[in-house]
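Colleague: got a sequence here, can you build the structure:
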Amino acid sequence: MIIYPAIDLKGGKCVRLKQGLKNEETVYDNDPASVAIKWQNQGAKYLHVIDLDGAFEGKPLNVSTIEHILLDVVIPIQVGGGIRDGKTMEEYFSMGVSRLIIGTKAIESPEFLEEIVKEFKERIIIGIDAKDGYASTHGWVSASNIKATDLALDVQKMGAYQIIYTDISRDGMLKGPNYQAMEEMVNAVDMPVIASGGISSKEDVKKLSLLEGKGLVGAIIGKALYTGDIQLQDII
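Modeller: Residues are numbered from 1 along each chain as shown. From the prediction side, this is the model:
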């Protein structure tokens, strides 16, 4: 199971939000590239980078910051937030981004999803962000009437290779993941799943690792790394 340190970008800074709320922001570092180097030095094999401004506005707004991160680390990074057209995807790939996370656009345009999965294959990850079991879009602001597991099955039929499943209510709260929802998701699909949201201790990671045999391949950890509740070197 790969551990993905999360670097969330807002206004060019490294921040964390509570439950994805724009006004519940804590700035942890003014230099996200230095944070990326720190996680790399502590043993991270992959980084999870989200352009929060892009997610809210529907277009990338922290591209230069992401470019700096790419120049300063040698480990691969996956990027999400506001990626809703092919041109943006091509630009990110040409910069050196390894994988792109598509969320809102995957729900709004199944045709677009089918097209990009066919073209870029495993370099595309579908981000499914859920609250009370239903998918949310546009930076977690808009709730849909689509069950998260149904959406996962739909994108699987379209050829998606992997998903990230985030429980919004747990994100940034340091209260542990929603194990029941995560287990329901890995049981529902036949593709790799990365867990996200609420992971706050080494015990959380150990418990999630019990789902490895069912298809859980990674865990994204954010706030707990910045508060020190989890030491990256320990769990790696």
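
Colleague: could you point out the helix or strand that follows the helix or strand bottoming out on mean pLDDT in the chain?
Modeller: Least confident helix or strand, the chain: strand 142-147 with a mean of 72, by mean pLDDT, DSSP states H and E. Using DSSP states H and E, the helix or strand that follows strand 142-147 in sequence is helix 148-157.

Colleague: counting contacts, what elements does that following helix pack onto?
Modeller: Counting contacts by 3 or more Cβ pairs under 8 Å, 6 or more residues apart in numbering; DSSP states H and E, helix 148-157 packs against helix 104-108, strand 124-131, strand 134-137, strand 163-167, helix 179-188. In this view, the C-beta of every residue, glycine as well, is placed from N, C-alpha and C.

Colleague: can we see that at 7 Å?
Modeller: The contact analysis (3 or more Cβ pairs under 7 Å, 6 or more residues apart in numbering; DSSP states H and E) places helix 148-157 against strand 124-131, strand 134-137, strand 163-167, helix 179-188.

Colleague: can you pull the buried residues of it?
Modeller: Under the neighbour-count criterion of 16 or more other Cβ atoms under 10 Å, helix 148-157 has 148-149, 151-152, 154-156 buried.

Colleague: kindly report the same for stretch 74-92.
Modeller: 77-84, 88-89, 92.

Colleague: next up, phi/psi of the closest residue to Ile2 other than its chain neighbours, please.
Modeller: Excluding its sequence neighbours, the residue lying closest to Ile2 (Cβ to Cβ, 6 or more residues apart in numbering) is Gly218, at 4.1 Å. With angles defined as degrees, to the nearest 10, Gly218 sits at phi -170, psi 170.

Colleague: same deal with Glu67?
Modeller: phi -60, psi -40.

Colleague: and the spatially closest residue to Gly159 that is not a sequence neighbour, helix, strand or coil?
Modeller: Leaving aside its chain neighbours, Gly159 sits nearest to Val117 (4.4 Å; criterion: Cβ to Cβ, 6+ apart). Following DSSP: H, G, I helix; E, B strand; the rest coil, the label given to Val117 is helix.

Colleague: wait, what's in contact with Val117?
Modeller: Listed by Cβ atoms under 7 Å, 6 or more residues apart in numbering, the contact set of Val117 reads 124, 158-160.

Colleague: which pLDDT value goes with it?
Modeller: Val117 is assigned a pLDDT of 93 by the prediction.

Colleague: next one: the residue of the chain most remote from its centre from Val117, what distance?
Modeller: No residue in the chain sits farther from the centre than Glu111, which is 22.2 Å out by Cα atoms, centre = their mean. Glu111 is 11 Å from Val117, where distance means Cβ to Cβ, to the nearest Å.

Colleague: ends of stretch 210-219, what's the gap?
Modeller: Start to finish, the residues bounding stretch 210-219 are 12 Å apart (Cα to Cα, to the nearest Å).
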